[in-house]
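Asker: here's my sequence, what's the structure:
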Amino acid sequence: RGDTSPVTTLPPTRPSVGRSAPPLGRMPSLRSLRHLVLRRPLHLPHLSRAPPLLRCPVPRERTVSIAGGIAAGSVRFFSSRVSGANFRELKPNERPPLEKTEEEWYDELGEETFQILRAHGTEPPGSHEYNYNKHEGVYKCRGCGSELFRSSDKYNSGTGWPSFFDNIPGAVVTRTDSSFSMVRTEILCANCHGHLGHVFPDGPKPTNLRHCCNGGALQFIPSSH
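Answerer: Numbers count the residues shown, from 1 in each chain. Here you go, the predicted model:
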């Protein structure tokens, strides 16, 4: 009271979040978004547990092309130009020797095995008993019974999936898998083209290959002796 000095009115202040909050009415920059994301960890409760089976849709026919890619969950680059003396690359639109309708496969295999062999699904790592199997014998395709791998070629890769450094000659074919923004070499049964897994060039000698397979795609037959 009694003070006749002019009153200075300040403009309203805008709320800010850290140093990177963008002005109102403008699109946030990539730098500001990166700052906010790094400061606030994401909470995704629906991904806290692995599903019983990671299901993928049945892929369409794809033109075979080999290129480089990025490994899942890693910044390590790898080349998917994987070649081996005992398997070959599928030709475009090549049909398997054994063909059945998807309905027939589903009735024979059941839902979980069908999702792996025919719908190209992936079982959670460490979930199948074959990952820990050390008995002598042969691993066959669960779909058609073709012999694929020998127990003598199996090794502990530490990935949680049954792994082999070689396959029985002519039992496996390959094609390029470009799903999930990666380029990998898919391995399939040569007789029925059932999905087995992928092959990587980081295995032990003498082949330096790692056939990373779904246990649900295999059937183990122990040796008779």
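Asker: what pLDDT does the residue lying closest to A190 once chain neighbours are set aside get?
Answerer: Leaving aside its chain neighbours, A190 sits nearest to V173 (4.7 Å; criterion: CB to CB, 6 or more residues apart in numbering). All C-beta atoms are positioned from the backbone trio N, CA, C, and that covers glycine. Looking at V173, its pLDDT reads 95.
Asker: likewise for R88?
Answerer: pLDDT, R88: 88.
Asker: check contacts around it.
Answerer: By CB atoms under 8 Å, 6 or more residues apart in numbering, R88 lies in contact with 173-174.
Asker: so it belongs to a strand, correct?
Answerer: Yes. Judged by DSSP: H, G, I helix; E, B strand; the rest coil, R88 forms part of a strand.
Asker: quickly list what it is bridged to.
Answerer: Here R88 sits in beta bridges with V173, going by DSSP bridges.
Asker: for it, give its distance to P206.
Answerer: Using CB to CB, to the nearest Å, R88 is found at 19 Å from P206.
Asker: quick one: least confident helix or strand in this protein?
Answerer: strand 68-70 (a mean of 30; mean pLDDT, DSSP states H and E).
Asker: mind listing what the residue nearest to A190 touches?
Answerer: Contacts of V173 (CB under 8 Å, 6+ apart): 87-90, 187-190, 193.
Asker: just W105 next, same as before
Answerer: Residues near W105 by CB under 8 Å, 6+ apart: 114, 117-118, 143.
Asker: again, but for Y155
Answerer: Y155 makes contact with 163-165, 203-204 under the criterion CB under 8 Å, 6+ apart.
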